[in-house]
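Quick one: sequence and predicted model below, then my questions.
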Amino acid sequence: MKHLAKSGDLAVDLADAFDASPNPYVLLTPDLRIAGANQAYLDVTRSVREMIIGRPLFAAFDSGPGEEAPENVRQVKASLEKARDTRQRDHLAMVRFSVPAESDGPGPVFEERFWSATHTPILNDRGEVVWLLQHTTDITELAQLRQTTRARKGSARTLDAVVGGGVLARARQVQEDNRRLAEERNRLQDMFMQSPGFVAVLAGPDHIVDFCNDAYRRLIGYREVDGLPIAEALPEVVGQGYVDMLDGVFETGEPVQGQASLVQLRRAPGEEPEDAYVDFYYQPIRDADGAIIGVFVQGHDVTEGVRAAERQKLMIDELNHRVKNTLATVQSIAVQTARSHADPKTFAEGFQARLLALSHTHDLLTRSHWEGADLAAVLEHETQAHGPHRVTRNGLPVALGPAAALSLGMIFHELATNAAKYGALSAPEGRVLVDWSVSNQTRPVLHLSWRELDGPRVTPPERRGFGSRLIERNVRHDLAGEVKLDYANDGFSADFSIPLDRGTDS
């Protein structure tokens, strides 16, 4: 008939047959507005077609003013919505629903009626609900006959069963039980949907996704997985062992648990799978006979917690490494300073000055959470005590890693200290020019020059002191670079060449 209706006048004939049917029918839109009704429906509800077409069903028919009216409306509405949302036919065995009655008075009068209703969704070619067809049967006379027979004695019980009293009572009980079960199921589903942990119900040996909550959908990138086998719904997990574990639970009935388990999941369409960590529990679902029919999946996405623990461990390891390096640096400074200062007083002064230089750079690094420091800032910290205008800095910003910042801080301290004692900064008009640039951006190299001008005449040292040894050691050993120290008569200079891409700078 569906295909015949597309040809010629048969569509008109079918419409005429619909209107001529002795069974009451009303056609509704998905938002429960009346789109059409046959004559039998108009007769049984005592309504006029023009007065109800296009109106919401429960505006046209509200079951009257009685106390039970809201509950009557709720039952019919719930059945219609269930048929619409599940795309499955739904039945109401019996429901009270009053309709307007004939009246000579000024106000409306309602007559209580009993109905049995079937609600059928009508789908288009794409499986979408486009109409809801309500077929109602007025069973008021049957209900009244039941009440009459119940008032009699003797054979009343038998007659009551024959005319349907027992049947109606059982039907109504079943309907009420179904309503309670539906409410319980909805409450349970709402609880699962709102759960902070992920939940999924997988059916059968292929683990077809029967239900999953919002947390589960968020975990898998909000993919549409309902009704799909898990291997098809999440193809990236095949080969990671999770499908094998589900198979094992379904076959043996033994639950499986995992903690901080690594899984690679595609979080967005078209993207590559990324690492996630989950706590999970797979538990068998059994039917009334004890047979395994599915697997219940629950758990939590603990990715952030695992990564936070990894970051904490890395920070502790890095702190230990830095403390050891700092202690080694302090030990080296103490040993080298002691070799150059036989007098305890001068040793204490030199040692304290170098520790302060180290602490200045530590302060800079602490402000950046030990992510690094700018070259100009390190240079300024180590030379500002000699006057802000006596050391001229010239160069673009250069980001230094923590180790490079510490080493260059010590180097700048030694250069400034030597300049103040013997070089340009020891004379009133003396000054220092510091220029730097970076070459080869693919493998960047820092070029830095220290030039002392207008100071006293320079004479090369007779022996290498602690300052020059510290500079050369830090450049070659700690920075893997090169340095050239020049004691020219008109002023000391130092040229540095230091790679900036040494990988891990610790």
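Nice, thanks for sending it over.

In stretch 74-86, which residues are buried?
Buried residues in stretch 74-86, defined by neighbour count with 16 or more other CB atoms under 10 Å: 75-76, 79-80, 83-84. All C-beta spots, glycine's among them, are computed from the backbone N, C-alpha and C.

Secondary structure added to the residues you listed, as TSV?
Shown next, in TSV, are these (DSSP: H, G, I helix; E, B strand; the rest coil):
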residue	secondary structure
75	helix
76	helix
79	helix
80	helix
83	helix
84	helix
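
Please identify which two of the residues you listed are farthest apart in space.
Greatest spatial distance in the buried residues of stretch 74-86: 75 and 84, 15.2 Å, computed using CB to CB.

residues touching residue 41, list them.
24-26, 47, 136 (CB atoms under 8 Å, 6 or more residues apart in numbering).

again, only using 7 Å
The contact partners of residue 41, by CB atoms under 7 Å, 6 or more residues apart in numbering, come to 24-26.

so of those residues, which ones are in strands?
For the contacts of residue 41, the ones inside strands are 25-26, with DSSP state E as the criterion.

Scan the contacts of residue 41 and report the most crowded one.
residue 26 (23 neighbours; other CB atoms under 10 Å).

From residue 277, how far off is that one?
Note on residue 26: its distance to residue 277, by CB to CB, to the nearest Å, is 55 Å.

on that earlier part again, can you put the contacts of residue 41 in TSV and add distance to residue 425?
Output for these, formatted as TSV (distance: CB to CB, whole Å):
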residue	distance to residue 425
24	107
25	104
26	100
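
Closest one of the contacts of residue 41 to residue 113?
Using CB to CB, residue 24 is the member of those that lies nearest residue 113, at 11.4 Å.

Tell me the predicted confidence for that closest one.
Per-residue pLDDT puts residue 24 at 88.

What does the pLDDT read for the residue lying closest to it once chain neighbours are set aside?
Leaving aside its sequence neighbours, residue 24 sits nearest to residue 41 (CB to CB, 6 or more residues apart in numbering; 3.9 Å). pLDDT recorded at residue 41 is 88.

Residue 41: which element?
Using DSSP states H and E, residue 41 sits within helix 39-45.

Beyond that helix, next helix or strand please.
Under the assignment DSSP H and E, the closest C-terminal helix or strand after helix 39-45 is helix 49-52.

average pLDDT for that next one?
Averaging pLDDT along helix 49-52 gives 90.

May I see the buried residues of the helix holding residue 41?
For helix 39-45, burial by neighbour count (16+ other CB under 10 Å) applies to 40-42, 44-45.

Return the distance of that helix from the chain's centre.
53 Å (CA atoms, centre = their mean, to the nearest Å).

now stretch 210-229
Centroid separation between stretch 210-229 and its chain, computed with CA atoms, centre = their mean, is 13 Å.

now the end-to-end length of that stretch.
One end of stretch 210-229 to the other measures 9 Å (CA to CA, to the nearest Å).

same question, stretch 82-95
Start-to-end span of stretch 82-95 (CA to CA) is 16 Å.

Residue numbering should commence at 24 henceforth.
Sure thing, new numbering starts at 24, so read that last one as stretch 105-118.

okay, the buried residues of helix 62-68 in TSV with distance to residue 319 next?
Converted to TSV, the buried residues of helix 62-68 look like this (distance: CB to CB, whole Å):
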residue	distance to residue 319
63	48
64	45
65	50
67	47
68	47
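
Tell me the one of those residues nearest residue 519?
Using CB to CB, the buried residues of helix 62-68 come closest to residue 519 at residue 64, 96.0 Å.

From residue 522, how far out is that closest one?
From residue 64 over to residue 522 (counting by CB to CB), the distance is 88 Å.

got it, and residue 48?
When residue 48 is compared with residue 522 (using CB to CB), they lie 86 Å apart.

Please apply the same query to residue 507.
Distance from residue 507 to residue 522, counting by CB to CB: 16 Å.

When those two are compared, which one has more neighbours?
Between residue 507 and residue 522, counted using other CB under 10 Å, the more crowded position is residue 522 (15 against 11).

so that one makes contact with residue 499?
No. If you go by CB atoms under 7 Å, residue 522 and residue 499 don't touch, sitting 11.9 Å apart.

Chain neighbours aside, what residue packs nearest to residue 435?
Computed as CB to CB, 6+ apart, the closest residue to residue 435 that is not its neighbour in sequence is residue 405, at 3.9 Å.

So for the one you found, what's the pLDDT?
In the prediction, the pLDDT value recorded for residue 405 is 80.

secondary structure class for it?
Applying three-state DSSP to residue 405 yields a three-state assignment of helix.

Then residue 411?
Classification of residue 411 by three-state DSSP places it in coil.

How many neighbouring residues does it have?
When counting by other CB under 10 Å, one arrives at 9 neighbours for residue 411.

Quick one: mean pLDDT for stretch 245-260?
Mean pLDDT, computed over stretch 245-260, is 92.

Endpoints of it, how far apart?
Taking CA to CA as the measure, stretch 245-260 stretches 16 Å from start to finish.

ok, now stretch 81-93?
End-to-end distance of stretch 81-93: 10 Å, with CA to CA as the criterion.

Contacts for it next, please.
By CB under 7 Å, 6+ apart, stretch 81-93 touches 57, 68, 75, 95-96, 100, 119-122, 133.

In ChimeraX, select just the buried ones from those.
To isolate in ChimeraX the members of those that are buried, counting by 16+ other CB under 10 Å, one can use:
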select :57,68,75,95,96,119,120,121,122,133
